[in-house]
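In: Below are the sequence and a predicted model for it; my questions follow.
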Amino acid sequence: MSISVKKVCCAAMYGAALLGMAQSLPVHAEVVVIVHPSNDSSFDQDEIKKIFLGKTKSFSNGRNAILISSSADDPATDEFNEKVIGRSSSQVKAYWSKILFTGKGTPPQEMSSAQEVISTVASNPDAIGYIDASAATDSVKVVAKF
């Protein structure tokens, strides 16, 4: 009987370990790119990537793009950088440090919350930002989901 008790204990410990590992895995949320509702430009992932790397400075409608980002500690920032830009957040930060140092561009304006990103984009026809999809409201237009 001690062998079966030992097997049960081992199985329980193994199950608890698997559960703990599963809970520590990152949860990938959807990120949406938002613009002012009046912005009628076209957007695809490549265009969004170029805009957020400062390689394209205006929308397809000809208006200058004002870049708005979530804070560095917002999980949406990591998701956006990995899914859209194709780089880690530290790589994006290093990229913008170089661009800023050489005077070739200005990094996105960092907002402290998704609500602040929404408010800024909703009040400026030239703004483009990204947030966690669950935070999106009707005051902005979602143009892409990643």
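Out: Ah, there it is.
In: So which residues of this structure form helices?
Out: Secondary structure of the chain (DSSP state H): helices at 2-24, 45-52, 75-80, 89-102, 114-122.
In: what's in contact with the last one?
Out: So that's helix 114-122. Residues from elsewhere that reach helix 114-122 (CB atoms under 8 Å, 6 or more residues apart in numbering): 34-37, 68-70, 74, 76, 109, 111, 127-132, 135-137, 139-140. Glycine gets a C-beta too; all of them are placed from N, C-alpha and C.
In: which residues does the residue sitting nearest the centre point of the chain contact?
Out: Nearest to the mean C-alpha position of the chain, counting by CA atoms, centre = their mean, stands residue 80 at 2.8 Å. By CB under 8 Å, 6+ apart, the contact set of residue 80 is 31, 52, 69-70, 130, 146.
In: Point to the helix or strand of this protein where mean pLDDT is at its lowest.
Out: Every helix and strand in the chain was compared by mean pLDDT, DSSP states H and E; the lowest is helix 2-24, with a mean of 47.
In: where in the chain is pLDDT low?
Out: For the chain, applying pLDDT under 70 flags the ranges 1-28.
In: do that again at 50, thanks
Out: Residues of the chain meeting the criterion pLDDT under 50: 5, 7-25.
In: list the contacts for residue 95?
Out: The neighbourhood of residue 95, defined by CB under 8 Å, 6+ apart, consists of 53, 87.
In: Not counting sequence-adjacent ones, nearest residue to residue 54?
Out: Excluding the flanking residues, the one nearest residue 54 by CB to CB, 6 or more residues apart in numbering is residue 105, at 3.6 Å.
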